[in-house]
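J.: No letters, just coordinates:
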């Protein structure tokens, strides 16, 4: 428990934590405010015949909740990969893993505890970003003159906890991939680079090999949420024919999560720590 | 080997290779309890590889390690609960303060006694800067914090890799006093270093490693007494005449003027023959201003490591020790 608390404390004090979730919240807030001010000035393009969806839906409650969540989990997936890679990679770069191992700490326990702390911080970060985005959407709605009647819609609010929980698990899975990649690379920079390449590479490969890529970690994350990929993950557009069901995709998310953590733990356990 | 054998650390035929490069070629070490042990060797000789094996960071290809009276094997991490270590450069979270870093470190491995962190911050002279981020620390301050980290669990065996790195002269003196004090209180201190003068002042016993093997181990005083060297200081303008005079008196022995210390000559003869050297000098009208029996550790080190190296005088050949890999280049 003391190791978990210490890991949590380290993450909370770490600028990368605030930067990651601050940036995520800031970007979402910016989108809401941009939509609102554009609508208020009468310059918002009509979606008739374009099939792109009404931008005002982003700030129209209760639908805004789903829109925000989709944005948050789509963009958040990329941020999670980067964050997971940054935390795991820095343990190698700074030699702090070495110091812990030299004190007799269990390598596997150290890695798993560090990731557990990451998962908790991600939950807090998601809630924070969601709250900021909802606040920004409410402010945006007021600016754009959109009524706020639906903000307290009981049915939507009732669904939110489960959606958030499911979304958190997919974000944690994506973070675990970044974590495992950086552990394999034993480097923060290489881990982040490889994580980004993997994230966008999967989306790109989805164009050519959809039947294989649909089982990829980012594609199953999107599919488990019933979204079509959000930001970069799993390709854009409508769900493909033959796409995985939400439940199957969620199961695969868990498989990827456990697999990534196993890889990180085993690699660390067997590694020769020479840095 | 038992705890009562008086041996804190022993390695037997310890071997390690990185690919085709041999870093340790059968290292045999015996470190008695409660001493400061100086582990000396040129760059790439295998010092850091040894340190990494002793702290469980890497695994030996062969041989064995006994630590505090028990075998230390792969996965036997709890043996390290009684060991404090500073391997290579000190490792910290740059965004945390010195105190927070010690707290983070104390959350790993064995439990740390309450109040221990404050004690150590005081001991290493970082109390005033304990709240500052480590990223603002100088190299010497980081080194002191690293030593504090190594002492967190009040270890019975302390392994320090180049602990004087980055320390100013006052810091080096303080560290030397601290380590000798720890040894007096029963802690075994194993110090790897290339600062020979520092080790000579601090260590009770030294082990000299070259090309992955131990080439000499023993009490500093014994090693220096048996090394068969007399050092003579003469007026600098008389050096060449003095060399000639000694060479005539001792035709089969080697006489070397010091490159670093003008006026000093090193004569490879038994210290009992120091009087004969003086007589030879006087016969040519040269009066020695200093005459010292025995060599310093530097002479011995150079002599031993030179003879253990390959004919080119390097340690990097495929049969010699490998340069020790780091992650920094990755």
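T.: Here it is on my side, so go on. Since the model is a prediction, treat every value here as computed from it, not as a measurement.
J.: So residue B:29 belongs to a strand, correct?
T.: Yes. Residue B:29: assigned to a strand according to DSSP: H, G, I helix; E, B strand; the rest coil.
J.: I'd say it and residue B:205 touch.
T.: No. Judged on CB atoms under 8 Å, residue B:29 makes no contact with residue B:205 at a distance of 10.2 Å. For the C-beta atoms, the positions are set from N, CA and C on the backbone; glycine is no exception.
J.: overlap in contacts of the two?
T.: residue B:217 (CB atoms under 8 Å, 6 or more residues apart in numbering or on different chains).
J.: Contact residues of chain B facing chain A?
T.: Neighbours of chain A within chain B, by CB under 8 Å from any CB of the partner chain: B:52, B:55-59, B:77-81, B:83, B:85, B:87-96, B:100, B:103-105, B:107-110, B:149, B:152-153, B:324-328, B:330.
J.: now do 7 Å
T.: Residues of chain B lying close to chain A by CB under 7 Å from any CB of the partner chain are B:52, B:55-58, B:77-78, B:80-81, B:85, B:87, B:89, B:91-96, B:100, B:103-105, B:107-110, B:149, B:325-328, B:330.
J.: Please list only the buried members of those residues.
T.: B:52, B:55-58, B:77, B:80-81, B:85, B:87, B:89, B:91-93, B:95-96, B:100, B:103-105, B:107-110, B:149, B:325 (16 or more other CB atoms under 10 Å in any protein chain shown).
J.: Those in strands, which ones?
T.: residue B:85 (DSSP state E).
J.: Go through the buried ones among the residues of chain B next to chain A and flag which are in helices.
T.: Using DSSP state H to define helices, the subset of those located there is B:52, B:100, B:103-105, B:149.
J.: how close does the nearest residue to residue B:57 once chain neighbours are set aside sit to residue A:126?
T.: Counting by CB to CB, 6 or more residues apart in numbering or on different chains, residue A:273 is the residue found nearest to residue B:57 once chain neighbours are left out, at 4.1 Å. Residue A:273 sits 33 Å away from residue A:126, going by CB to CB, to the nearest Å.
J.: With residue A:161 instead?
T.: From residue A:161 to residue A:126 the distance is 12 Å (CB to CB).
J.: Who are the packing partners of the lengthiest helix in chain A?
T.: Ranked by residue count, the top helix of chain A under DSSP H comes out as helix A:107-144. Judged by 3 or more CB pairs under 7 Å, 6 or more residues apart in numbering or on different chains; DSSP states H and E, the packing partners of helix A:107-144 are helix A:2-13, helix A:15-40, helix A:63-93, helix A:96-102, helix A:154-185, helix A:246-270.
J.: closest to residue B:170 out of the ones you listed?
T.: Residue B:170 lies closest, by CB to CB, to one member of those: helix A:96-102, at 25.9 Å.
J.: hang on, the earlier thing: make sure I have this right: the residue nearest to residue B:57 is in a strand.
T.: No. Secondary structure assignment places residue A:273 outside any strand; it is coil (three-state DSSP).
J.: quick one: contacts for it?
T.: Residues near residue A:273 by CB atoms under 7 Å, 6 or more residues apart in numbering or on different chains: A:97-98, A:101, B:57-58.
J.: Turn the helices and strands packed on helix A:107-144 into CSV, including mean pLDDT, distance to chain B and mean neighbour count.
T.: As requested, the helices and strands packed on helix A:107-144 are exported to CSV (pLDDT from 0 to 100; distance: least, CB to the nearest CB, whole Å; neighbours: other CB atoms under 10 Å in any protein chain shown):
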stretch, mean pLDDT, distance to chain B, mean neighbour count
helix A:2-13, 96, 3, 18
helix A:15-40, 91, 6, 18
helix A:63-93, 92, 6, 25
helix A:96-102, 95, 4, 26
helix A:154-185, 94, 8, 21
helix A:246-270, 95, 9, 18
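J.: now these as CSV including distance to residue A:218?
T.: Below are these laid out as CSV (distance: least, CB to CB, whole Å):
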stretch, distance to residue A:218
helix A:2-13, 23
helix A:15-40, 17
helix A:63-93, 6
helix A:96-102, 27
helix A:154-185, 7
helix A:246-270, 9
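J.: To residue A:108, which of those helices lies closest?
T.: Closest of the helices and strands packed on helix A:107-144 to residue A:108 is helix A:246-270, at 4.6 Å (criterion: CB to CB).
J.: And the closest one, what does it pack against?
T.: Here helix A:246-270 touches helix A:107-144, helix A:154-185, helix A:217-225, going by 3+ CB pairs under 7 Å, 6+ apart.
J.: okay, the ones you listed in TSV with distance to residue B:184 next?
T.: Output for the helices and strands packed on helix A:246-270, formatted as TSV (distance: least, CB to CB, whole Å):
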stretch	distance to residue B:184
helix A:107-144	34
helix A:154-185	43
helix A:217-225	58
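J.: do you know which of those helices lies nearest residue B:159?
T.: Shortest distance between residue B:159 and the helices and strands packed on helix A:246-270, using CB to CB, is found for helix A:107-144: 18.6 Å.
J.: Just the buried positions in that closest one, please.
T.: So, applying 16+ other CB under 10 Å, buried residues of helix A:107-144: A:107, A:110-123, A:125-126, A:129-130, A:132-134, A:136-138, A:140-141, A:143-144.
J.: In space, what's closest to residue B:218 - neighbours in sequence excluded?
T.: Nearest residue to residue B:218 in three dimensions, chain neighbours excluded: residue B:205, at 6.6 Å (CB to CB, 6+ apart).
J.: What of residue A:191?
T.: residue A:182 (2.4 Å).
J.: what's the distance between that neighbour and residue A:269?
T.: Noted for residue A:182: a distance of 16 Å to residue A:269, by CB to CB.
J.: cool, and residue B:50?
T.: From residue B:50 to residue A:269 the distance is 22 Å (CB to CB).
J.: One more: residue B:24?
T.: Taking CB to CB as the measure, residue B:24 falls 23 Å from residue A:269.
J.: same check, this time on residue A:70
T.: For residue A:70, the distance to residue A:269 - CB to CB - is 38 Å.
J.: And for residue A:12?
T.: Separation of residue A:12 from residue A:269 (CB to CB) stands at 27 Å.
J.: next one: phi and psi at residue B:167?
T.: phi -80, psi 140 (degrees, to the nearest 10).
J.: Can you give me the neighbour number for the spatially closest residue to it that is not a sequence neighbour?
T.: Spatial nearest neighbour of residue B:167, excluding adjacent residues (CB to CB, 6+ apart): residue B:140 at 4.8 Å. Using other CB atoms under 10 Å in any protein chain shown, residue B:140 is surrounded by 16 other residues.
J.: what do you get for residue B:71?
T.: Residue B:71 has 12 neighbours, counted by other CB under 10 Å.
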